[in-house]
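Student: Sequence and predicted structure are below.
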Amino acid sequence: MARLLTSLLLLCAGSSGSVSSDALVVTQSPDVSVQEGETGRITCCFNGAAERVRIKWLKNQTLIKNECVINQSTGSKNEQRSMYSVLIIENMTRSDSGRYICKVIVEIPRLAVVEGNGTTIIVTARENITKSTHEVPLDHSKPSYIIFILICLLILLLIAAIICVECLVHKAQKHQPPAAPGNKSTSAQSREEEPGDDGGTEREEEENKKTMR
């Protein structure tokens, strides 16, 4: 807003210093180029001793805005006073490109019609939205960093699971009771006694036969 007011003051000051006191001169801002979606502004400045002025904005000779400006100056009716009008077009599209003319019609004290030299607005296609709005390169390292952390966690969990399994196996082997040495000797003894029993029985049978003879 401050830049707009400054440009208006410079525009009006330039127009007032180059004409006589009786002349009505309309000065418009220079041609401008904007991108799609931006706001376009055109200023129209005029000087004169008018009490009531009607301003018509034309685009390619088609009326798009009509407003009335009343001079509320408390000085003389013939006092020169700078007045201005601003045409604001928000969210411009390619169809808004064209030549805009400010037409000033003095209604009081006497009729006078003056047109400005016109201002051309060129609306260009917006550049890559990602580049123009963010202007910050995408950081592709964050997803890779997260994946790396997840892989490390999985490896640590796998190692911990293997260690737990080995500990459990080691404890199970440690608490298993050892084989009793007497079991083997007892079985071996039983095997040794079996032939002895058979031999003893045969001897008894032979002795009984001898006795019977």
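Tutor: Yep, it's here.
Student: Which stretches in this protein count as helices?
Tutor: Ranges of helices within the chain are 2-16, 129, 141-175, 181-212, based on DSSP state H.
Student: in the protein, which segments are predicted with low confidence?
Tutor: Applying pLDDT under 70 to the chain flags residues 1-22, 48-49, 72-81, 128-142, 177-204, 208, 210-213.
Student: and the longest strand belonging to the chain, what does it pack onto?
Tutor: If you go by DSSP state E, the chain has its longest strand at strand 98-108. Secondary-structure packing of strand 98-108 (3 or more Cβ pairs under 8 Å, 6 or more residues apart in numbering; DSSP states H and E): strand 26-28, strand 40-48, strand 52-59, strand 81-89, strand 112-115, strand 119-124. For every residue, glycine as well, the C-beta is placed using N, CA and C.
Student: Show me what residue 41 bridges to in the sheet.
Tutor: residue 88 (DSSP bridges).
Student: Pull up the gap between it and residue 29, please.
Tutor: Look at residue 41 and residue 29: by Cβ to Cβ, to the nearest Å, they are 8 Å apart.
Student: do the same with residue 169
Tutor: 88 Å.
Student: How is this structure divided into domains?
Tutor: 2-134, 144-175 (automatic domain parsing).
Student: okay if I get those as CSV plus distance to residue 207?
Tutor: Below are the domains of the chain laid out as CSV (distance: least, Cβ to Cβ, whole Å):
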stretch, distance to residue 207
domain 2-134, 117
domain 144-175, 56
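Student: among those, which is the most enclosed?
Tutor: Ranked by mean neighbour count, the domains of the chain are led by domain 2-134 with a mean of 15 (mean count of other Cβ atoms under 10 Å).
Student: returning to that earlier point: need the helices and strands packed on strand 98-108 in CSV with distance to residue 103, can you?
Tutor: As requested, the helices and strands packed on strand 98-108 are exported to CSV (distance: least, Cβ to Cβ, whole Å):
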stretch, distance to residue 103
strand 26-28, 8
strand 40-48, 9
strand 52-59, 4
strand 81-89, 10
strand 112-115, 5
strand 119-124, 13
